[in-house]
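Asker: Next comes the sequence, and after it the predicted model I'd like to discuss.
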Amino acid sequence: MSGSVFIGLVTHPKTRFPEASGPAGLAGLLTQELTSLGWSTQLSVIAENLVDSSLLTLTQSSITNSIRREMAIEREWNKFQHQRVGAITGRILLRFRELFRLAKTHIPTASARDSARRQILRLANIETAHLTLLREGEESDADWVLILEDDAINPDVPGLSKELDSNLRMWAGEPQPSYVNLSRSFSLDRLKHGGSLTNEGPWSKNSHIVSSTVPFTNTVCAVLYRKDFVQALNRELTAIPLEPVVPIDWKINLALMRLSSKGLLGERDCYTINPAPILQGSMLTDDLDTKAR
């Protein structure tokens, strides 16, 4: 037996990608392929909304607090990433973004208020689904935990499975990354990473493994976590309250910063595959025009 992998899928009843949770979706196909390669696999799908509006404070004040909290985490993240070049301009632009978003919430129309409330509720459901799957992954005691969102796409699942199989076997005998960014969401040039990058070798014939001296993320569309790191990450995420509601991407960034400050996350703990093997379908529509799901 090669080892064990827990695969979790985040989706919802009104998804644009309903096939993702079926047997022909990426999560189901990966589970089948990795099992055939000798891995012990477990698949869990969160397809329902776990939070309803009665559990949230959907007032004007709570919506404002959510925006302010998200922007505060982003400012902290920029500082963590040592964004010195254009720092003053960046802070000014960030402040303008915040003011613009806050102004939009005060548009005196029922439709605008309802839209803001729906967005907050959707973000809360996405966060709760991610946290539930991360806890399930920890409880499964799997060696690796792969969390996918329903817009995660790969046109060659057998090929991706062999890449995962090959690299996970290689890492079994070497220092392992804490987590691996597997989604092609933002390019490395667009990501706000402040550390120096090191080429750790090939992921496949077309991609390389890149490590960073300062941990960073590339959305949470497709992230592979090491077993013991999931435990540490869950502890930090549990300490962050649901409200103010902000995107789970930013709450994970906040948790990473806290782990780094405690010395539990450092150089070469963060890997990114470049170019990444999994496309984020909701962002890369141009790529999807020429690739089958």
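Answerer: The structure has been received and is ready for your questions.
Asker: Now do stretch 116-133, average pLDDT.
Answerer: Across stretch 116-133, the average pLDDT comes to 94.
Asker: Contacts for it next, please.
Answerer: 8-10, 12, 44, 46, 49-53, 55-56, 58, 62-63, 66, 104-105, 147, 220, 234, 237-238, 242, 245-248, 251 (CB atoms under 8 Å, 6 or more residues apart in numbering). The way it works is simple: take the backbone N, C-alpha and C, and place the C-beta from them, glycine included.
Asker: Can you flag which of those residues belong to strands?
Answerer: 8, 9, 10, 44, 46, 147 (DSSP state E).
Asker: wait, isn't the fifth one in contact with residue 13?
Answerer: It refers to residue 46. No - the pair residue 46 / residue 13 is not scored as a contact, 11.1 Å apart, by CB atoms under 8 Å.
Asker: count of neighbours near residue 16?
Answerer: By other CB atoms under 10 Å, 9 other residues sit near residue 16.
Asker: Helices of the stretch 1-150 of the chain, residue ranges please.
Answerer: Secondary structure of the stretch 1-150 of the chain (DSSP state H, counting those that start in this stretch): helices at 26-36, 60-80, 87-105, 110-140.
Asker: Need the winner for burial among those helices.
Answerer: The highest mean neighbour count among the helices of the stretch 1-150 of the chain, using mean count of other CB atoms under 10 Å, belongs to helix 26-36: a mean of 20.
Asker: ok so, going back, give me the buried subset of the contacts of stretch 116-133.
Answerer: Buried by 16 or more other CB atoms under 10 Å: 8-10, 12, 46, 49, 51, 56, 58, 62-63, 66, 147, 220, 234, 237, 245-248, 251, out of the contacts of stretch 116-133.
Asker: where does the protein have low pLDDT?
Answerer: 1, 83-110, 112, 285-293 (pLDDT under 70).
Asker: for it, which residue is closest to the average position?
Answerer: Nearest residue to the geometric centre of the chain (CA atoms, centre = their mean): residue 220, 1.1 Å.
Asker: give me every residue that touches that one.
Answerer: 130, 147, 149, 248, 249, 252.
Asker: hang on, isn't residue 249 packed against residue 217?
Answerer: Yes - Residue 249 is within contact range of residue 217, at 6.7 Å (criterion: CB under 8 Å).
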